[in-house]
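Colleague: sequence-free structure coming up:
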């Protein structure tokens, strides 16, 4: 597969999302959220005092932003940034990735290595509830198109875990989606066949993993660190890849080595019609 460079010169990219014809992603150490077009034009939302991580869009199009070190959930409505919820009293460690359901409820991981949590936040009220515990560094998350299942990457556990999403938004019936992975999984996204694309940080590649653990495709990134990915583009078959030069953010402060690339894959994002393959 041929990687097409889209943007570079960022400190530590995270959490790419495809929304309204743009790739949105956080620069966690650069205190900003960026957008990139398919031709490489960029915009920047500065977030001084924050380390943005997980991103998600509410049904009304507002952008929710996880502030990792402040342990807050922010909202950007196109004009201003406000705090939706302060989660510092709920979580044992800094926040990480996030996924939103169709109702706009935000599921956010707290990245403790052996006692990590997932907290659900109602963006309208800011009410927060712990919905999963005892996770090994919860990282990337995705929700199936029917809204029935949440999948989370447990980085230090080297596994993907699936939860049933109950009608009230709680999580239950955890099961292993895939384990004994080739490396610590970071950011993830789902395709139309229910497979999960995963950034395998220390393995230097992105992998497409089927339910049960079979790896169907690998995209090597050489000496780069695979961080996170998202499916999008006009046909849903563009896989956007965020990579850096090191897996550990603290080593990268002040650098500009993060990069966003794109590659075409066979199976599109959910909601698109897949080609015969």
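Modeller: Great, that's in hand. Being a predicted model, the structure only gives us computed values, none of them experimental.
Colleague: Does anything pack onto the host helix or strand of residue 85? Which helices or strands?
Modeller: Per DSSP states H and E: residue 85 is located in strand 81-86. Contacts defined by 3 or more C-beta pairs under 8 Å, 6 or more residues apart in numbering; DSSP states H and E place strand 81-86 against strand 72-76. Using the backbone N, CA and C atoms, a C-beta is placed for each residue, glycine as well.
Colleague: For residue 251, give me phi and psi.
Modeller: phi -80, psi -10 (degrees, to the nearest 10).
Colleague: Report pLDDT for it.
Modeller: pLDDT recorded at residue 251 is 82.
Colleague: Residue 115 now?
Modeller: 93.
Colleague: tell me the contacts of the nearest residue to residue 186 once chain neighbours are set aside?
Modeller: Computed as C-beta to C-beta, 6 or more residues apart in numbering, the closest residue to residue 186 that is not its neighbour in sequence is residue 199, at 4.2 Å. The contact partners of residue 199, by C-beta atoms under 8 Å, 6 or more residues apart in numbering, come to 140, 185-188, 206, 226-229, 241-242.
Colleague: got those residues as a markdown table, with distance to residue 107 and neighbour count columns?
Modeller: Rendered in a markdown table, the data for the contacts of residue 199 read as follows (distance: C-beta to C-beta, whole Å; neighbours: other C-beta atoms under 10 Å):
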| residue | distance to residue 107 | neighbour count |
| --- | --- | --- |
| 140 | 11 | 30 |
| 185 | 17 | 29 |
| 186 | 17 | 27 |
| 187 | 14 | 30 |
| 188 | 13 | 25 |
| 206 | 22 | 29 |
| 226 | 23 | 27 |
| 227 | 20 | 29 |
| 228 | 16 | 31 |
| 229 | 18 | 27 |
| 241 | 23 | 26 |
| 242 | 20 | 30 |
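Colleague: Just read off the phi/psi values of the residue nearest to residue 186.
Modeller: phi -80, psi 110.
Colleague: if I look at it, how far off is residue 9?
Modeller: 20 Å (C-beta to C-beta, to the nearest Å).
Colleague: so residue 245 touches residue 255, yeah?
Modeller: Yes - with contact defined as C-beta atoms under 8 Å, residue 245 reaches residue 255; the gap is 7.3 Å.
Colleague: before we move on, which element is the closest residue to residue 203 other than its chain neighbours in?
Modeller: Leaving aside its chain neighbours, residue 203 sits nearest to residue 183 (3.3 Å; criterion: C-beta to C-beta, 6+ apart). Using DSSP H and E, residue 183 sits within no helix or strand.
Colleague: residues contacting residue 183?
Modeller: Per C-beta under 8 Å, 6+ apart, neighbours of residue 183: 158, 200-205.
Colleague: try 10 Å
Modeller: 155, 158, 198-205, 207, 225-226, 247 (C-beta atoms under 10 Å, 6 or more residues apart in numbering).
Colleague: Local confidence estimate at it?
Modeller: 93.
Colleague: Equivalent analysis for residue 246, please.
Modeller: Per-residue confidence (pLDDT) for residue 246: 81.
Colleague: I'd assumed it was in a strand, is it?
Modeller: No - the assignment for residue 246, made by DSSP: H, G, I helix; E, B strand; the rest coil, is coil rather than a strand.
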